[in-house]
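**Q** task: produce atomic coordinates for the following.
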Amino acid sequence: MNTKTNPTVAPSEALLLEIATKHFHSIETLETQNSDRFDFHDVAVWAIRAALEDAYEAGRIAGAKAMLAAATAAR
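**A** The predicted model follows:
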């Protein structure tokens, strides 16, 4: 599920899926599939680290944008 096929997906969900599919190529969705084959993945620790770094950076950028928007709205 992504924003291209399902526009009701929240932007944060779409970003999480984008990060997951970028770093874990076997993941197609973050929805529970009720199947061990689809819900559990073997991944390298360096891939987990890279995904966490991307998620952290996305949060940092979102926070900076929110602070900038609040500062400009207060003027």
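
**Q** in this structure, which residue is most central in space?
**A** Centroid-nearest residue in the chain: L16, 1.2 Å away (criterion: CA atoms, centre = their mean).

**Q** OK, contacts around that one?
**A** 30, 55 (CB atoms under 8 Å, 6 or more residues apart in numbering). No exception for glycine: its C-beta is placed from N, CA and C like everyone else's.

**Q** distance of it relative to A10?
**A** 9 Å (CB to CB, to the nearest Å).

**Q** hmm, back to that, and the gap between the residue nearest to the centre of the chain and A55?
**A** From L16 to A55 the distance is 7 Å (CB to CB).

**Q** before we move on, what about I61?
**A** Distance check for I61 against A55: by CB to CB, it reads 11 Å.

**Q** what's the burial count for T72?
**A** A total of 8 residues lie near T72 under the criterion other CB atoms under 10 Å.

**Q** start the count at 58, not 1, going forward
**A** I'll keep to 58 as the first residue from here, and by that count the last item is T129.

**Q** pick out whichever of I118 and A112 has more residues nearby.
**A** Neighbours per residue, other CB under 10 Å: of I118 and A112, the larger number sits with A112, 15 against 10.

**Q** now do the more buried one, the pLDDT please.
**A** Per-residue confidence (pLDDT) for A112: 95.

**Q** who's the closest spatial neighbour of it, skipping the chain neighbours?
**A** I76 (5.6 Å; CB to CB, 6 or more residues apart in numbering).

**Q** and the one you found, helix, strand or coil?
**A** Secondary structure, DSSP: H, G, I helix; E, B strand; the rest coil: I76 is helix.

**Q** can you pull out the helices in this protein?
**A** Here the chain has its helices, by DSSP state H, at 68-80, 93-96, 102-130.
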